[in-house]
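Enquirer: Need the 3D shape of this:
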Amino acid sequence: VFHILDHDDGLGQGFIIEWLDGETLGARVLRAPELDEIRPHLARQCGQILARIHAIDPVATGLVDDLQVVPTDEFVMKMWEQYQEFDTPQPMIDFTARWLLENLPADAEPKLVHNDFRNGNLMIGPEGVTAVLDWEVAHLGDPMRDLGWICTNSWRFGQRDLAVGGFGELDELLAGYAEVSGIEVDPTHVHFWEVFGSFWWAVGCLKMGEHWRNGPDPTVERPGISRRSSECQVDCVNLLIPGPVETVAESEAASSIDLPSTEELLLSVRDFLRADVRQATVGRNNFMARVASNSLDIVLRELRLGPAHLAGELERLSALLGMDGTNHELRWELTNRLRDRSMALDHPGLADHLRTTVVNQVGIDQPK
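Expert: Below you'll find the model as predicted:
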């Protein structure tokens with residue numbers, strides 16, 4: 001942004017900006033043939049760019065007057081409290097919040113933090129990164145937040161083995177950062193913020209569901225995104241309590257004895273959206289039809305996998321908590337014990353229960 005129009009310009013509201021070329025869609029960045037040569041160098045470039053961002057002096061630039069200082073512990077608590085307002089028991093989110101608060105890194109001098117530096121907010125061309133976009137959530141805080149966020153699995157777009165945005169290695173990111181800043185970053189510090197990233201987006205996905213329930217966005221996209229919280233929760237599982245999991249088997253979907261069955265009714269609507277509606281629409285309506293059909297796929301999987309999943313969860317919860325009740329009652333009991341810290345994070349059986357529950361839930365919500 002070079003100039004923001006004011007009243008004396010006589011042109012109304014607006015601003016003058018620079019035109020830049022590049023790809024911004026994260027999945028295309030990972031697959032576009034024209035980026036094949038530069039892709040292996042992007043992680044190091046990102047490290048160099050972040051070092052330059054973090055070197056900006058908040059006092060000299062006046063940013064200290066406009067941006068909030070966000071200490072790490074307050075950042076974690078803010079997100080944990082925001083999730084608790086949604087009135088849904090998600091024990092893995094509470095477990096992760098507890099872990100974060102019990103493993104806080106040493107206080108760092110507050111630096112300019114982009115706070116959404118990731119694949120998808122970078123403009124990338126054949127020469128590399130041409131712009132860093134979407135600064136609206138910037139703050140002053142621990143700069144390692146930015147390094148952990150670009151490594152968060154949600155922004156790898158399926159390329160899980162490449163930690164940095166799905167296009168590069170962590171060592172390259174840290175090397176680029178050290179080249180410009182002279183700072184050798186502790187990988188465990190980045191790991192903390194990678195865990196926070198999945199925790200943050202797990203809560204953010206649930207927030208999308210609240211936007212659908214209570215406004216401001218009643219579109220079909222928001223509930224679908226909300227169900228992706230389990231995807232972020234399984235990332236927390238893999239980062240904190242990895243291990244083997246037994247997944248439930250499909251069963252016959254419950255339905256009335258009338259024809260067509262409940263499953264067939266859902267299939268008919270899903271296929272109508274995926275074929276007829278998408279062929280007859282373009283732009284956002286075409287995209288929304290795809291989202292709606294994907295939501296019906298979640299319902300179809302829940303009909304077949306949900307009963308066994310809930311039965312297994314109830315059995316584990318009863319054993320873990322030493323009490324009887326419904327799934328809803330016992331899940332809240334576990335959630336509250338994690339929140340009031342009456343259950344230790346290393347309580348026998350807790351990790352196995354959380355891992356099994358979250359993985360089976362993501363098998364319904366996002367099986368890929």
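Enquirer: Tell me who's in contact with Phe157.
Expert: 26-27, 30, 119, 166 (C-beta atoms under 8 Å, 6 or more residues apart in numbering). In this view, the C-beta of every residue, glycine as well, is placed from N, C-alpha and C.
Enquirer: Name the SS class of it, please.
Expert: coil (DSSP: H, G, I helix; E, B strand; the rest coil).
Enquirer: can you map out the strands along the protein?
Expert: For the chain, the strands defined by DSSP state E occupy 3-4, 15-16, 111-113, 122-125, 128-132, 139-141.
Enquirer: Distance from the longest one to the middle of the chain?
Expert: Distance of strand 128-132 from its chain centroid, counting by C-alpha atoms, centre = their mean, to the nearest Å, is 22 Å.
Enquirer: again with the last one
Expert: Put simply, strand 139-141 sits 20 Å off its chain's centre (C-alpha atoms, centre = their mean).
Enquirer: What of the first one?
Expert: Between the mean C-alpha location of strand 3-4 and the chain-wide mean there is a distance of 34 Å, by C-alpha atoms, centre = their mean.
Enquirer: Output the contacting helices and strands for that strand.
Expert: Counting contacts by 3 or more C-beta pairs under 8 Å, 6 or more residues apart in numbering; DSSP states H and E, strand 3-4 packs against strand 15-16.
Enquirer: Packing partners of the strand it packs on?
Expert: Against strand 15-16 (3+ C-beta pairs under 8 Å, 6+ apart) you get strand 3-4.
Enquirer: re the thing from before, got a quick ChimeraX command for the buried subset of the contacts of Phe157?
Expert: Buried residues within those, by 16 or more other C-beta atoms under 10 Å, are selected in ChimeraX with:
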select :26,30,119,166
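Enquirer: Would you format the contacts of Phe157 as a markdown table with distance to Gly10 and pLDDT included?
Expert: Formatted as a markdown table, those follow (distance: C-beta to C-beta, whole Å; pLDDT from 0 to 100):
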| residue | distance to Gly10 | pLDDT |
| --- | --- | --- |
| Gly26 | 41 | 96 |
| Ala27 | 43 | 96 |
| Leu30 | 46 | 97 |
| Asn119 | 41 | 97 |
| Gly166 | 47 | 97 |
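Enquirer: Which one of the contacts of Phe157 is nearest to Arg39?
Expert: Comparing the contacts of Phe157 against Arg39 with C-beta to C-beta places Leu30 closest, at 7.5 Å.
Enquirer: And that closest one, how far from Ser255?
Expert: 41 Å (C-beta to C-beta, to the nearest Å).
Enquirer: got it, and Thr88?
Expert: In terms of C-beta to C-beta, Thr88 sits 27 Å off from Ser255.
Enquirer: In contact with the nearest residue to Asp352 once chain neighbours are set aside, which residues?
Expert: Residue nearest to Asp352 in three dimensions, not counting chain neighbours: Gly243, with 7.3 Å by C-beta to C-beta, 6 or more residues apart in numbering. Listed by C-beta under 8 Å, 6+ apart, the contact set of Gly243 reads 351-352, 355.
Enquirer: from these, which is closest to Ser154?
Expert: Nearest member of the contacts of Gly243 to Ser154, counting by C-beta to C-beta, is Arg355, at 18.9 Å.
Enquirer: which residues touch that closest one?
Expert: 237, 241-243, 245.
Enquirer: what sits against the residue nearest the centre of the chain?
Expert: Central residue of the chain (C-alpha atoms, centre = their mean): Trp201, 3.2 Å from the mean position. Counting by C-beta under 8 Å, 6+ apart, Trp201 touches 152, 154, 232.
Enquirer: what number of residues lie near the closest residue to Asp324 other than its chain neighbours?
Expert: Of all residues not flanking Asp324 in the chain, Ser318 sits nearest, at 5.9 Å (C-beta to C-beta, 6+ apart). As a burial measure, Ser318 scores 13 neighbours (other C-beta atoms under 10 Å).
Enquirer: Next, find the distance separating Ser318 from Glu34.
Expert: 56 Å.
Enquirer: cool, and Asn115?
Expert: With C-beta to C-beta as the criterion, Asn115 and Glu34 are 29 Å apart.
Enquirer: Who has more neighbours out of these two?
Expert: Asn115 (19 against 10).
Enquirer: correct me, but that one touches Gly148?
Expert: No - using C-beta atoms under 8 Å as the test, Asn115 is too far from Gly148 to be in contact (11.0 Å).
Enquirer: Alright, that wraps it up for me.
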